[in-house]
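**Student:** Pasting a predicted model and its sequence here:
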Amino acid sequence: MSNIVDKIIKQSNVPSLPAVAQKLVMLRVSKNTNILEFLPVLESDPILSTRIIRVANSAYTELQHKAATLDEAVSTLGINYVRSIALGFELVATLNNLSDVDFNWYNHWQQNVFRSVFARQLAKRYCPERREEAFLIALLLDCGIPLSAKNYGAQYTRVWQECSCSPASKYQIEQKLFPFDHTATGAALIRHWQLPEILAKFIRDHHKNPASEASSMGLEQLGQIAYFTGSLPLGDFDTICEEDSNLWDFSRSVFGLAKADFLELLESTRQEYHNIANLFSSFLPSQTDVTRLLIQAKALLNRYYERECKRFDCQTEIRKLKEQEQKTIDSIPYAHQEVSMDEQTGLVGRELLMKYLEHACLKVKQGETSLSVLFIDLDDFKVINDRYGNSGGNQVLEEVADLLQSFIKDKGCIARYGDDQFVMILLDLEDRNTLQLTKYLTEQIRQLEIVIRSPAGREKVQITASIGMVFCEPHAPVSNAIRILEHADHQMYEVKNSRKDGFSYIVLNAIPHVDRQAVKMVNN
């Protein structure tokens, strides 16, 4: 299983860790780090340095004299604290580069930063010497979600945005619907970045029940904090699962938290969160107030204690998700007729194209179809436009659009993507059929004879096109619509920059099928 997840990470173009993060990792494993070693690492990232000074000068620290330099800020906050939050900042900034799918990332990071501060406050009571490690672990518990969203697309993001249930419940849905859950991809991501293996273990295991009694062992203590923090319900939920019901008993037996203690922890978390928000402001909502999260957490706490929540049913939630997905699919024929149409050519516009392609990517991941995407760019169209004007250029576009539509039968979509660019999506073809079709399409465009009226009379215009094609086998590791189009666009420019009037292609092969039960056995 590990090799397959590693392959997904490689094909997702996961960015490498920046040099600052790599140096901070090395400093983390050194127990005798000197401030003179530490400052040059921070100073190499001006944005990070400025924000650390803001954190030091926030109301939370209650300084009599404001820190004017990075040296003063680090002295105020402490090397261990700064090292922890600085590495967290660099890792979140790198993860945020994966967030090119339709997902509320601001709320995602707000909850994760809040959880990390909560973990630090909890560790101060339970294992004070481990509080900075607890902060970083909690911050990265859900680091696999951006990567999974990038790979699984709209259906995956619906689980985390539309299901009104707790993190533990969403984890159960995720395991039912997808080959790999966010704990597996997150652990693989940590290994990819060559971070400490123990961090990967905490991420992989944070939804598994740890020992339910207080411990004096440092690593076991961190595992217990990771489990409780990662399961902490932040949001307005309709249902709870069995794990949620046991969560509060777990907090009492392990951390000795009564209801009043938990409320006190939430308040101290709120205070420190506003301090830390100075560092992570680029990734958080413009309004950094977390009062809403606190109100929801307190209300949910009361409902848990009084056993008033409805029981979570995994199959019911999956059925709701599939019904919502089907509504989206059913609306496509109407959308073809009523919205997102290009007036000039009568083809689909970009918005509907992306929805259609996102749905097609999902079907590929589920092994239900193959997918062929052709990115078509007319060669030297500007020359035609300049010579014959807009009316001549429009006539060329309309005739090319008519030709392209003749290639689509039951399963597929043609869209106008740009001024002289078109995208063709075809389903259920074999790779050799797609190659033959692409070659034939290139010839047909070349053979078009378009008669245009000009001041000199009627003139015949011949055109050519550069085409980039991506073929995806069923079960291929397609990430999302944006990435597939980027692949096709890149192939098109390979032709455009070399010879024009031709096509180039790549094939995304299927990932070998992995049995769900086998995956669970490996995880355990």
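**Tutor:** Nice, thanks for sending it over.

**Student:** helix, strand or coil for Ala476?
**Tutor:** Counting by DSSP: H, G, I helix; E, B strand; the rest coil, the backbone at Ala476 sits in coil.

**Student:** just checking, it touches His487?
**Tutor:** No - using C-beta atoms under 8 Å, Ala476 makes no contact with His487, being 11.2 Å away. All C-beta atoms are positioned from the backbone trio N, CA, C, and that covers glycine.

**Student:** Neighbours of Arg252, how many?
**Tutor:** Arg252: 14 surrounding residues under other C-beta atoms under 10 Å.

**Student:** who touches both of Ala476 and His487?
**Tutor:** Counting by C-beta atoms under 8 Å, 6 or more residues apart in numbering, the contacts common to Ala476 and His487 are Leu508.

**Student:** Tell me the pLDDT of Ile384.
**Tutor:** Looking at Ile384, its pLDDT reads 88.

**Student:** And for Ala184?
**Tutor:** So, for Ala184, pLDDT stands at 91.

**Student:** wait, doesn't it sit right on Gly144?
**Tutor:** Yes - here Ala184 reaches Gly144: they are 6.9 Å apart, a contact under C-beta under 8 Å.

**Student:** can you list the domains in the protein?
**Tutor:** Domain segmentation of the chain under automatic domain parsing yields 2-311, 339-508.

**Student:** got the contact list for the closest residue to Gly88 other than its chain neighbours?
**Tutor:** Leaving out its chain neighbours, the residue that sits closest to Gly88 by C-beta to C-beta, 6 or more residues apart in numbering is Leu139, at 4.8 Å. By C-beta under 8 Å, 6+ apart, the residues touching Leu139 are Gly88, Leu91, Val92, Asn112, Val113, Arg115, Ser116.

**Student:** Among those, which are located in helices?
**Tutor:** Counting by DSSP state H, the members of the contacts of Leu139 that fall within helices are Gly88, Leu91, Val92, Asn112, Val113, Arg115, Ser116.

**Student:** For stretch 494-501, list every residue counted as buried.
**Tutor:** Of the residues in stretch 494-501, those buried by neighbour count under the rule 16 or more other C-beta atoms under 10 Å are Glu494, Val495, Lys496, Asp501.

**Student:** Hmm, I typed the wrong one, I wanted stretch 81-100.
**Tutor:** 81-96, 98-100.

**Student:** Off-centre distance for that stretch?
**Tutor:** Centre-to-centre, stretch 81-100 and its host chain are 15 Å apart (C-alpha atoms, centre = their mean, to the nearest Å).

**Student:** CA atoms of that stretch as CSV?
**Tutor:** C-alpha atoms of stretch 81-100 as CSV (Å, rounded to 0.1, in the frame of the first residue of the first chain):
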residue,chain,number,x,y,z
TYR,A,81,8.3,27.9,21.0
VAL,A,82,9.6,29.8,18.0
ARG,A,83,11.1,26.8,16.5
SER,A,84,7.8,24.9,16.7
ILE,A,85,5.6,27.7,15.3
ALA,A,86,8.1,28.6,12.6
LEU,A,87,8.3,25.1,11.3
GLY,A,88,4.5,24.9,11.5
PHE,A,89,4.3,28.1,9.4
GLU,A,90,6.6,26.7,6.7
LEU,A,91,4.8,23.4,6.5
VAL,A,92,1.4,25.0,6.2
ALA,A,93,2.6,27.4,3.5
THR,A,94,3.9,24.4,1.5
LEU,A,95,0.7,22.4,2.0
ASN,A,96,-1.4,25.5,0.9
ASN,A,97,0.3,25.2,-2.5
LEU,A,98,-1.8,22.0,-3.0
SER,A,99,-5.1,23.8,-2.5
ASP,A,100,-6.1,24.4,-6.1
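
**Student:** Using the three-state scheme, assign Arg453.
**Tutor:** Going by three-state DSSP: Arg453 is strand.

**Student:** need the contact list for Gln194.
**Tutor:** Residues near Gln194 by C-beta under 8 Å, 6+ apart: Leu17, Val25.

**Student:** can you start the count at 592 instead of 1 from here on
**Tutor:** Sounds good: first residue 592 from here, last item Gln785.

**Student:** Give the helix, strand or coil label for Val1098.
**Tutor:** strand.

**Student:** That one touches Phe1062, doesn't it?
**Tutor:** Yes - at 4.8 Å, Val1098 and Phe1062 qualify as touching, with contact defined as C-beta under 8 Å.

**Student:** The two: who's more crowded?
**Tutor:** More crowded of Val1098 and Phe1062, by other C-beta under 10 Å: Phe1062, with 24 against 13.

**Student:** The strand or helix carrying that one pairs with which strands, parallel or anti?
**Tutor:** Per DSSP states H and E: Phe1062 is located in strand 1056-1063. Sheet pairing of strand 1056-1063 (DSSP bridges) gives strand 962-969 (antiparallel), strand 1093-1099 (parallel).

**Student:** For the buried residues of stretch 1085-1092, work out which two are farthest apart.
**Tutor:** Across those, no pair lies farther apart than Glu1085 and Asp1092, at 13.2 Å, counting by C-beta to C-beta.

**Student:** Mind checking which residue lies nearest the centre of this protein?
**Tutor:** The geometric centre of the chain, computed from its C-alpha atoms, lies nearest to Pro737 (C-alpha atoms, centre = their mean), at 2.7 Å.

**Student:** which strands and helices sit next to the helix or strand hosting it?
**Tutor:** If you go by DSSP H and E, Pro737 is part of helix 735-743. Applying 3 or more C-beta pairs under 8 Å, 6 or more residues apart in numbering; DSSP states H and E, one finds that helix 735-743 makes contact with helix 593-602, helix 696-717, helix 745-753, helix 773-783, helix 941-956.

**Student:** what angle do it and helix 941-956 make?
**Tutor:** Between the axes of helix 735-743 and helix 941-956, defined by axes from the mean of the first three to the mean of the last three C-alpha atoms, to 10 degrees, the angle is 100 degrees.

**Student:** what does helix 735-743 contact?
**Tutor:** 599-600, 603, 605, 686-687, 689-692, 694, 696, 699, 747-748, 751, 765, 769, 771-780, 794, 953, 956, 1068-1071, 1074.

**Student:** quick one, what contacts Phe841?
**Tutor:** Phe841 sits next to Asn800, Ser803, Tyr818, Phe819 when contact means C-beta under 8 Å, 6+ apart.

**Student:** same thing but 7 Å
**Tutor:** The neighbourhood of Phe841, defined by C-beta atoms under 7 Å, 6 or more residues apart in numbering, consists of Ser803, Phe819.

**Student:** Wait, a helix at it?
**Tutor:** Yes - counting by three-state DSSP, Phe841 falls inside a helix.

**Student:** can you tell me how far it sits from Leu813?
**Tutor:** 15 Å (C-beta to C-beta, to the nearest Å).

**Student:** ditto for Gly1093
**Tutor:** Using C-beta to C-beta, one obtains 57 Å as the distance from Gly1093 to Leu813.

**Student:** who's more crowded, these two?
**Tutor:** Counted by other C-beta under 10 Å, Gly1093 and Leu813 do not tie: Leu813 has more neighbours, with 25 against 18.

**Student:** Tell me if I'm right that the more buried one and Ile728 touch.
**Tutor:** Yes - the criterion here is C-beta atoms under 7 Å, and Leu813 meets it with Ile728 at 6.2 Å.

**Student:** Can you check which residues contact both of these two?
**Tutor:** Counting by C-beta under 7 Å, 6+ apart, the contacts common to Leu813 and Ile728 are Phe793.

**Student:** Could you report the neighbour count for Leu607?
**Tutor:** Wrong residue type there; residue 607 is Ser, not Leu. For Ser607, using other C-beta under 10 Å, the count is 11.
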